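Student: Structure for the following, please:
(one chain, ligands or ions: 1)
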Amino acid sequence: MSRDEMNVVEELKKKRKAVILAHSYQPPEIQDIADFVGDSLELSRKAAETPAEVIIFCGVRFMAETAHILAPEKTVILPEPDAGCPLADCIDVESLRGMQALHPDALTVLYVNSPAAAKAESYTCCTSANAVKVVESVPSREVIFAPDRNLGLFVSGRTTKKIHIWEGSCRCHDGVNPDELATAREKWPGARLLVHPETPPEAWNLADAVLGTGGMIRYVESSDADMFLIGTEEGMVYRLRTLFPDRRFLSVGSIRCEDMKKTTPEKVLRSLRTLEPAVTLDPVIREKAFRAVSRMTEVSS
Ligand code: SF4
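Tutor: Next comes the predicted model:
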């Protein structure tokens, strides 16, 4: 983005009382113009706390919906309305109710990567950063965990609760090739390998740590290593290089989310001008989803 366009963005942000939030998987040019870059949980908190009246949410639909759930009095804009999430789309209300009928003693913990209507049917929500803590907090011995199978497996290995796991996955993370990770490890033996819990267990077994994106940042901060192999969506490498310019980061496993790359600076500029397209939800669904998301934020705070 040119200096002139950057100035226009700044002027419009002031005029609209707007803030730009971006997920760590967004393209570099979006991370560069954002007021805040973070993971799902951090972005939800920012959306609720910001004094801004307009939130330009650079991410995918379920994230913008979560911002609207937590901050209904603000206008939440998703600059690219087609930025969806195949993982979120793999769960629907009817099938979730069917699973709940099969396990009547279980409460449902829904990964935030899910549609608002499914959140409304759940007891609470979680992110990859707090999934174990949230599951432990639920007042039942049995838990339905949806929709990410790999994160469900990750949690079930770290709790004594009985977990019923939904068969869904993030195509980008689940498709990571463990052989590619093993080759990278051999090539850079001194580097630390960090992978996301949405990757399959074969990837975790090769890694030094299995972490959400916020956890990866904290790991690097406290590590004395100077090189890291990053097994999550490739946008995260730009974020880490920005935060830690004296360390080396390499994206491994070819994990690229096309939906995350649909947002462009031009679309952000257009949204600041038009305040469209705004995210809206049925008020009843929003209210019920708010209860589930609030239980998560209470546990995490
Ligand atoms: S990386 Fe996977 S889970 Fe995240 S938005 Fe893309 S498809 Fe959805």
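
Student: if I pick Ala209, what's in contact with it?
Tutor: Arg192, Leu194, Val195, Gly215, Met216, Tyr219 (CB atoms under 8 Å, 6 or more residues apart in numbering). Every C-beta, even on glycine, is put in place using the N, C-alpha and C of the backbone.

Student: my read: Arg192 touches Ala225, true?
Tutor: Yes: checked against CB atoms under 8 Å, the pair Arg192 and Ala225 is within contact range at 4.8 Å.

Student: Neighbour count: those two, which is higher?
Tutor: Arg192 (20 against 13; other CB atoms under 10 Å).

Student: which residues does that one bridge with?
Tutor: Legend: beta-bridge partners of Arg192 under DSSP bridges are Phe228.

Student: And the contacts of Ala209, which is closest to Lys261?
Tutor: For those, the residue nearest Lys261 by CB to CB is Met216; the value is 19.7 Å.

Student: so the closest residue to the closest one other than its chain neighbours is in which element?
Tutor: Closest residue to Met216 in three dimensions, ignoring its sequence neighbours and counting by CB to CB, 6 or more residues apart in numbering: Leu194, at 5.0 Å. In this structure, Leu194 sits in strand 192-195 according to DSSP states H and E.

Student: just checking, what packs against that strand?
Tutor: helix 178-187, strand 209-210, helix 213-222, strand 227-231 (3 or more CB pairs under 8 Å, 6 or more residues apart in numbering; DSSP states H and E).

Student: Can you check which of those gets nearest to the ligand?
Tutor: Between the ligand and the helices and strands packed on strand 192-195, the tightest spacing by CB to the nearest ligand atom is seen for helix 213-222, at 10.1 Å.

Student: Quick one: list the elements packing against that closest one.
Tutor: strand 192-195, strand 209-210, helix 235-243.

Student: does the ligand sit close to that helix?
Tutor: No: residues of helix 213-222 are not located near the ligand by CB under 6 Å from any ligand atom, the shortest gap being 10.1 Å.

Student: Check the average confidence over that helix, would you?
Tutor: Helix 213-222 comes out with an average pLDDT of 96.

Student: With adjacent residues omitted, what lies nearest to Pro139?
Tutor: Leaving aside its sequence neighbours, Pro139 is closest to Leu107 (7.2 Å, by CB to CB, 6+ apart).

Student: Near the ligand, which residues of this protein are found?
Tutor: With CB under 6 Å from any ligand atom as the criterion, the chain meets the ligand at residues Val60, Cys85, Pro86, Leu87, Asn113, Cys170, Cys172, His173, Glu233, Cys257, Asp259, Met260.

Student: Nice, that's everything, thank you.
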